[in-house]
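Visitor: coords please:
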Amino acid sequence: MGEFGFKDMSSGLKKEFYTKVQKPEVAKEVLFDRGLSVEGENITPIDLFSIPVGLTSDEKMEVISKNMQIDKKDLENKLPDISRYWREAKDFYKKFLVSGADPKAAFPREIENLDGFNNLHDLEKYLDKATLLKKGDNLGLSPSYCALFSLMIAEREYDAEEFGDLFNESKYLSEQLFKEDKDGIVRFHTVKEEDEDWNRVGIMTGENSWTDAKFSFRGKTQESVTAKLAKKPDFSMEERIRDGIGFKFEVANGKEASKLFLFMAETLRDNFETGKIVFENVNLFGNEEDESLRGKLREQGINSVPFEKNESSNENFKVAKFSGEIKVPKNGEEGKMTITRNFEVQVVLTNNKNETGLAQNKIYKRIQKLSLYTRLFGSFNEKYLDLICQEASEASGLEKGEIKKHIVDNFLLRVRTRSKNIKYVSRDQFKRWERAGLVPPGIKIDNREENTP
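Guide: Model prediction:
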């Protein structure tokens, strides 16, 4: 699919997104206030496909100031940083949204050659390219400029919240597990690196006890956090910190899982500074196993919390976990100031249905790309869908056609169009816009193609 490029992207868009605004007064308020709750849905500037026409130079600088979280009087001094966010937005688009395509064809030459802004006039000039088009204008580069300025907001937010620290701190804590413990014994041993997410490991859980497991540390990369910041308008600071540090183990059965929890309780207590640790069983242990394990954990000072079922969650989802607080040197650097982070230790079973078949995360990640692409551009064509499905097939080993049918049937809506060029929108983003009464002009759903899950 390396032939996919800028021209292929453009054919999946609707020109009406960039020539009309559903509710101009709401759009302007969203832009200047960095977001608004409309009928219970959070709408932010990333949901807009243009900036209003007729803004003065001062108003444009105010828009940039508020959304980049930079004092307006300091904008000129911060141009190097603003230029960096622009470059990072371009890199994100190439490496994440069209990672299976030819990076040299991702943008037209004008955008490809633009590495930053020399002065405020320069910045205003390029922001103007994201302004609402006049009737009869060609679509041109407006969609790309608008999407990239939106991604700059997410890149800036990543930078402002120091997510790079969270990744390094997660990596640091993971590495500590594989070092000698307080008794001078190495308990965790890497046997094989399986893929980008998992290592096969052996864990000495006792003097004569050994557990085979798969291990992954959840350290959110800049790319994954930027994607979440850009896709979810309600991704709060509390969620970001809670989601930042975690370990995940996969073991053979419930007996091994129970043994691992008891071992990890002792390991965390004796080798890390932790607090407020609680245990939660989400369908992994049966009642008898659960009661026995909870009793043994109580003896180690760990209380349990009841599982509250989420109606939107898969009934086959099975996991048990510790959550609590842990102290770690800032940015994962020895000698730096110690800070407290929330953390989580998850345990799942081998061949669990959380990560198999079409439910596996390698496919879900690609579904999230389609959702983000919808939020940035409004719609996409079948060629882009094929690009993402091919990427999901290569990652998961499943057949591309099977993945495509699963995604179309469960996560997409087909846009009504008179042309032969099929266009789709992500169901989750469309439903958000619909509830807020802000469905982009030009999006009419072909009800014959809509499958309600």
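Visitor: going forward, measure contacts and count neighbours with C-alpha atoms only.
Guide: OK.
Visitor: ranges for the helices of the stretch 301-450 of the chain?
Guide: 361-377, 382-396, 400-411, 427-435 (DSSP state H, counting those that start in this stretch).
Visitor: nearest to Val348, of those?
Guide: Among these, the nearest to Val348 by Cα to Cα is helix 361-377 (13.8 Å).
Visitor: which helices and strands sit right next to the closest one?
Guide: Under the contact definition 3 or more Cα pairs under 8 Å, 6 or more residues apart in numbering; DSSP states H and E, helix 361-377 sits against helix 142-160, helix 222-231, helix 382-396, helix 400-411, strand 423-426, helix 427-435.
Visitor: one more time with 10 Å, if that's ok
Guide: helix 142-160, helix 222-231, strand 380-381, helix 382-396, helix 400-411, strand 412-415, strand 423-426, helix 427-435 (3 or more Cα pairs under 10 Å, 6 or more residues apart in numbering; DSSP states H and E).
Visitor: can you pull up the most central residue in this structure?
Guide: Centroid check for the chain by Cα atoms, centre = their mean gives Lys228 as the closest residue, at 2.9 Å.
Visitor: make sure that one is actually in contact with Gln368.
Guide: Yes - with contact defined as Cα atoms under 10 Å, Lys228 reaches Gln368; the gap is 8.7 Å.
Visitor: which residues of the stretch 251-400 of the chain score low on pLDDT?
Guide: Along the stretch 251-400 of the chain, segments meeting pLDDT under 70 span 308-317, 351-356.
Visitor: try 90
Guide: 282-283, 305-318, 330-331, 335-336, 339-342, 350-362, 364-365, 395-396 (pLDDT under 90).
Visitor: which parts of the stretch 101-250 of the chain are strands?
Guide: 188-193, 199-206, 209-217, 246-251 (DSSP state E, counting those that start in this stretch).
Visitor: buried residues in the longest one?
Guide: In this case it means strand 209-217. 211-217 (16 or more other Cα atoms under 10 Å).
Visitor: same question, stretch 152-166
Guide: 152-158, 163-166.
Visitor: which ones are touching Phe215?
Guide: 174, 190, 193-194, 197-202, 247-251, 346-347 (Cα atoms under 10 Å, 6 or more residues apart in numbering).
Visitor: now swap in Gln176 and tell me
Guide: Applying Cα under 10 Å, 6+ apart, the residues contacting Gln176 are 188, 271-272.
Visitor: got the confidence number for it?
Guide: Looking at Gln176, its pLDDT reads 94.
Visitor: and Asp137, by the same measure?
Guide: Confidence at Asp137, expressed as pLDDT, is 76.
Visitor: wait, isn't it in contact with Thr131?
Guide: No - with contacts counted by Cα under 10 Å, Asp137 stays clear of Thr131, the gap being 11.8 Å.
Visitor: more neighbours: those two, which one.
Guide: Taking other Cα atoms under 10 Å, Asp137 and Thr131 do not tie; Thr131 has more neighbours (21 against 10).
Visitor: and Asp270, helix, strand or coil?
Guide: Following DSSP: H, G, I helix; E, B strand; the rest coil, the label given to Asp270 is helix.
Visitor: and it, how many residues sit next to it?
Guide: Asp270 has 13 nearby residues by other Cα under 10 Å.
Visitor: got it, and the one 5 residues further on?
Guide: Residues contacting Gly275 under the criterion other Cα under 10 Å number 16.
Visitor: quick one: it is in a strand?
Guide: Yes - judged by three-state DSSP, Gly275 forms part of a strand.
Visitor: isn't it right up against Asn342?
Guide: Yes - in this structure, Gly275 is within contact of Asn342 by Cα under 10 Å, at 9.5 Å.
Visitor: any common contacting residues for those two?
Guide: Joint contacts of Gly275 and Asn342 (Cα under 10 Å, 6+ apart) are 323-327.
Visitor: could the residues you listed be laid out in CSV, adding neighbour count and distance to Leu36?
Guide: Shown next, in CSV, are the shared contacts of Gly275 and Asn342 (neighbours: other Cα atoms under 10 Å; distance: Cα to Cα, whole Å):
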residue, neighbour count, distance to Leu36
Ser323, 18, 32
Gly324, 16, 33
Glu325, 17, 33
Ile326, 21, 35
Lys327, 17, 36
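Visitor: among those residues, which ones are in strands?
Guide: 323-327 (DSSP state E).
Visitor: ok, back up a step: deepest-packed of the helices and strands packed on helix 361-377, please.
Guide: strand 423-426 (a mean of 26; mean count of other Cα atoms under 10 Å).
Visitor: can you list the strands that it pairs with?
Guide: In the sheet, strand 423-426 lines up against strand 380-381 (antiparallel), strand 412-415 (antiparallel) (DSSP bridges).
Visitor: ok, and what's touching the last one?
Guide: Taking contacts as Cα under 10 Å, 6+ apart, the residues outside strand 412-415 that touch it are 14, 367, 370-371, 374, 379-381, 406-408, 422-430, 442-452.
Visitor: do you know how far the closest residue in space to Lys296 that isn't next to it in sequence is from Ser304?
Guide: Distances taken as Cα to Cα, 6 or more residues apart in numbering place Leu262 nearest to Lys296, at 7.7 Å, with adjacent residues excluded. Distance of Leu262 to Ser304, given as Cα to Cα, to the nearest Å: 13 Å.
Visitor: then Arg414?
Guide: Distance, Arg414 to Ser304, by Cα to Cα: 45 Å.
Visitor: swap in Gly286?
Guide: Distance of Gly286 to Ser304, given as Cα to Cα: 15 Å.
Visitor: who has more neighbours out of the two?
Guide: Taking neighbours as other Cα under 10 Å, Gly286 and Ser304 compare with Ser304 leading, 17 against 11.
Visitor: which residue sits closest to that one in space, ignoring its chain neighbours?
Guide: Computed as Cα to Cα, 6+ apart, the closest residue to Ser304 that is not its neighbour in sequence is Phe279, at 4.5 Å.
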